[in-house]
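Asker: The sequence isn't on hand, but the structure is:
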């Protein structure tokens, strides 16, 4: 399928990773075709929502025939850019940084961790996925040599703005921020902020409503 | 302000934690009143969105006068249930479990971690926030004695369904699941699934569109 220029709303984009995960599971279970109805039952959303979302990309489903799982998986992967083999580095080798570094799913999704940085002397030199944790002082040379795409920020809130600014100056393309503060887009650099406690508070809301 | 029964859409609910965070920061900076316009500039959303969202709860803002930060903060906290001092336990003391356990923000948001469980012998007995990591065999007795509200699942994907089922049988009220699989609500027990890679793929999409 030829890649086309597409405008997709962010609401749809934010649902795509979930489709991608479910399709990945279907493939693992050797399911090659699926109807929007069956997929909707598995995912707990309406079939009409699925058709509407996936029709944004045109021509995947066929009436009475269902979706070709492999081609839909591949196409959504293309849209999400997981076929680009984006490389990542993690700033901050505390527990969260370590958990993210050891998280196999990111590699499975096509993101390759190539470096990890901290300032704590006792962490420098520790082995992680075939490389050693480096001191932040080595970041400029590393960035120049390897040009990683995505900087994962797992540093304390206090330091995150300075670190983000430095990564931007050194040519990072995107920032994935876990540091409990909303970073805005800096120049052309895209940012995704993760606020774990938001999801905990949503759960708390649901419990509280009972 | 008297607490009322409210029906709020999940879309609004999911935005409330963000308001809560921003209001918390305003309070820390001794800002006692804020207009929807100023708040909208800080948060990067429209003033009309803010008015619409916050009007769901009725009577906070006054024309030309703005919101009372402290009372809005308190009210949103009440709605989210953070005033309930819900207690949590973590199942899985790997890197992610440890990162979550040491995450100060959850305590700040009113959630108190009271226990942590694993099956790996070398982890049992380790100190964490004033208690010791316990073996899963001790879970039933612990649940009976302390009745924690929220179970945080930081176990491998393969084990999560069994662990979730066990927690439900033992009377947990909600599950916060980090185990890379969508858990559905079990009986009356609420579930929030966290998929970190979804947010990474959203970032990847944005980079890929450039």
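Answerer: Received the coordinates, thanks. This one's a predicted model, so the numbers in the text were calculated from it and none came from an experiment.

Asker: Just the buried residues of the longest strand along chain A, please?
Answerer: In chain A, taking DSSP state E as the definition, the longest strand is strand A:112-118. Residues A:113, A:114, A:115, A:116, A:117, A:118 are the ones in strand A:112-118 that count as buried (16 or more other Cβ atoms under 10 Å in any protein chain shown). C-beta coordinates here come from the backbone N, C-alpha and C atoms, glycine included.

Asker: Now residue A:42: closest residue in space that isn't a chain neighbour?
Answerer: residue A:22 (6.3 Å; Cβ to Cβ, 6 or more residues apart in numbering or on different chains).

Asker: got the contact list for residue A:73?
Answerer: A:20, A:23, A:24, A:26, A:27 (Cβ atoms under 8 Å, 6 or more residues apart in numbering or on different chains).

Asker: rewinding a little: from residue A:141, how far out is the residue nearest to residue A:42?
Answerer: 42 Å (Cβ to Cβ, to the nearest Å).

Asker: List the contacts of residue A:49.
Answerer: Residue A:49 neighbours (Cβ under 8 Å, 6+ apart): residue A:40.

Asker: Tell me the confidence at it?
Answerer: We have a pLDDT of 89 for residue A:49.

Asker: In the helix or strand harbouring it, which residues are buried?
Answerer: Per DSSP states H and E: residue A:49 is located in helix A:47-55. By neighbour count on 16+ other Cβ under 10 Å, the buried set for helix A:47-55 is A:50, A:51, A:53, A:54.

Asker: Show me what secondary structure element comes after it.
Answerer: Following helix A:47-55 in sequence, per DSSP H and E, is strand A:67-68.

Asker: Quickly run through the sheet partners of that following strand, with directions.
Answerer: strand A:33-34 (antiparallel) (DSSP bridges).

Asker: Could you name the helices and strands sitting against the lengthiest helix in chain A?
Answerer: In chain A, assigned by DSSP state H, the helix with the most residues is helix A:10-28. For helix A:10-28, the elements it packs on are helix A:36-43, helix A:47-55, helix A:69-80, helix B:196-208, judged by 3 or more Cβ pairs under 8 Å, 6 or more residues apart in numbering or on different chains; DSSP states H and E.

Asker: So chain A: which segments form each domain?
Answerer: Annotated domains of chain A cover A:10-80, A:85-198 [automatic domain parsing].

Asker: mind giving me a markdown table with those and columns for distance to residue B:45?
Answerer: As requested, the domains of chain A are exported to a markdown table (distance: least, Cβ to Cβ, whole Å):
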| stretch | distance to residue B:45 |
| --- | --- |
| domain A:10-80 | 13 |
| domain A:85-198 | 11 |
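
Asker: any weak-confidence spans in chain A?
Answerer: A:1-7, A:57-64 (pLDDT under 70).

Asker: Buried residues of the helix or strand hosting residue A:141, list them for me.
Answerer: Using DSSP H and E, residue A:141 maps to helix A:139-146. The neighbour-count check on helix A:139-146 (16+ other Cβ under 10 Å) flags A:139, A:142, A:143 as buried.

Asker: Report the spatially closest residue to residue A:110, excluding sequence-adjacent ones.
Answerer: Closest to residue A:110 by Cβ to Cβ, 6+ apart is residue A:82, at 3.9 Å.

Asker: what does residue A:144 give?
Answerer: Using Cβ to Cβ, 6+ apart, the closest residue to residue A:144 is residue A:170 (7.5 Å).

Asker: Tell me the secondary structure at residue A:190.
Answerer: Using DSSP: H, G, I helix; E, B strand; the rest coil as the criterion, the local structure at residue A:190 reads strand.

Asker: my bad, residue A:89
Answerer: strand.

Asker: wait, what's in contact with the closest residue to it other than its chain neighbours?
Answerer: Once flanking residues are discounted, residue A:89 sits nearest to residue A:115: 4.1 Å by Cβ to Cβ, 6+ apart. Each residue near residue A:115 by Cβ under 8 Å, 6+ apart is listed here: A:89, A:90, A:131, A:134, A:142, A:146, A:148.

Asker: Which residues are in contact with the residue nearest to residue A:42?
Answerer: So residue A:22 contacts A:39, A:42, A:43 (Cβ under 8 Å, 6+ apart).

Asker: same thing but 10 Å
Answerer: A:34, A:39, A:42, A:43, A:69, A:73, B:182 (Cβ atoms under 10 Å, 6 or more residues apart in numbering or on different chains).

Asker: For residue A:89, see how far away the fourth one is.
Answerer: Yep, that's residue A:43 we're talking about. Counting by Cβ to Cβ - residue A:43 and residue A:89 are separated by 33 Å.

Asker: what about the two, which has more around it?
Answerer: residue A:89 (21 against 17; other Cβ atoms under 10 Å in any protein chain shown).

Asker: The more buried one against residue A:163, yeah?
Answerer: No - counting by Cβ atoms under 10 Å, residue A:89 stays clear of residue A:163, with 11.2 Å between them.

Asker: Mutual contacts of the two, please.
Answerer: What both residue A:89 and residue A:163 touch, as defined by Cβ under 10 Å, 6+ apart, is the set A:117, A:139, A:151.

Asker: Out of those residues, which are close to chain B?
Answerer: Near chain B, judged by Cβ under 10 Å from any Cβ of the partner chain, there are no entries from the shared contacts of residue A:89 and residue A:163.

Asker: and of the residues you listed, the nearest to chain B?
Answerer: residue A:151 (10.3 Å; Cβ to the nearest Cβ).

Asker: Paired strands for the helix or strand that closest one falls within, with orientation please.
Answerer: Element membership for residue A:151, per DSSP H and E: strand A:150-153. Partners of strand A:150-153 in the sheet, by DSSP bridges, are strand A:87-91 (parallel), strand A:174-177 (parallel).

Asker: What separation is there between the residue nearest the centre of chain A and residue A:90?
Answerer: With distances taken as Cα atoms, centre = their mean, residue A:106 lies nearest the centre of chain A, 7.3 Å away. In this view, residue A:106 and residue A:90 are 10 Å apart by Cβ to Cβ.

Asker: Which neighbours do those two have in common?
Answerer: Common neighbours of residue A:106 and residue A:90 (Cβ under 10 Å, 6+ apart) are A:100, A:113, A:150, A:152, A:176.

Asker: This completes my enquiry, with thanks.
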